[in-house]
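In: Return atomic coordinates for the entry below.
(2 chains)
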Amino acid sequence: AQKVTQAQTEISVVEKEDVTLDCVYETRDTTYYLFWYKQPPSGELVFLIRRNSFDEQNEISGRYSWNFQKSTSSFNFTITASQVVDSAVYFCALSETGNDYKLSFGAGTTVTVRA
Amino acid sequence: DAGVTQSPTHLIKTRGQQVTLRCSPISGHKSVSWYQQVLGQGPQFIFQYYEKEERGRGNFPDRFSARQFPNYSSELNVNALLLGDSALYLCASSHGTLGSTIYFGEGSWLTVV
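Out: Residues are numbered from 1 along each chain as shown, chains lettered A, B, ... in the order given. As a prediction, this is how the structure comes out:
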């Protein structure tokens, strides 16, 4: 079964618009971690944010913010005032207690920001 | 400090050949993991090594093997290459504890023809 689902395949926006990426996860663990990574065309996965299952406080870091809701098993990510350089594939990932050595990734959402 | 470094960046191999990919983790990180990313999909876990011991293995055939050296660098070997092995191979390093941030290298693009 898919542990991480990113329902949005592609999102296209005009510069300065906000972009929200959806992520729904599935786990039986009570302790787990959620991540967002960005993958530009070069291929490198760039770490963006991490949240543990005990901290549902939503935060803002620069133009990035996230909304973690355990009740709906969702971990959504928002880019505010998007820029062309934000164009990339974004991955949501889950690290579980029982598999703490690996990340389970979603299929990714391709974000295209047009000037 | 240097990030995760991988080599080679790109390579082309013929079906049936063998390939070795190399990775150096971030200084101080004792855990190295390997992921395969086929075009259009998310990365899939292949192996993790921690303190030179295999800690986890994903659902990959025995043609895939890896090892970690005393300096924590790692090699991924793939034997008897198939066309379907064409992918981006990503190496990641971390401290190896639950919740540790996992940092990735730029990957090795493997094309099997």
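
In: Specify the local secondary structure of the residue in chain B that chain A sits nearest to.
Out: Here chain B gets closest to chain A at one residue, residue B:42, 3.4 Å apart by CB to the nearest CB. For the C-beta atoms, the positions are set from N, CA and C on the backbone; glycine is no exception. When classified by DSSP: H, G, I helix; E, B strand; the rest coil, residue B:42 comes out as coil.

In: got a list of what the closest residue in space to it that isn't next to it in sequence touches?
Out: Of all residues not flanking residue B:42 in the chain, residue A:105 sits nearest, at 3.4 Å (CB to CB, 6 or more residues apart in numbering or on different chains). Neighbouring residues of residue A:105 by CB atoms under 8 Å, 6 or more residues apart in numbering or on different chains: A:4, A:37, A:91-93, B:42-44.

In: go with 7 Å
Out: Remark: with contacts taken as CB atoms under 7 Å, 6 or more residues apart in numbering or on different chains, residue A:105 is in contact with A:4, A:91, A:93, B:42-43.

In: Check what pLDDT it gets.
Out: What the model reports for residue A:105 is a pLDDT of 96.

In: beta partners of it?
Out: Each beta-bridge partner of residue A:105 is listed here, defined by DSSP bridges: residue A:93.

In: okay, now the residue of chain B closest to chain A: neighbour count?
Out: The local packing count at residue B:42 equals 23, with neighbours defined by other CB atoms under 10 Å in any protein chain shown.
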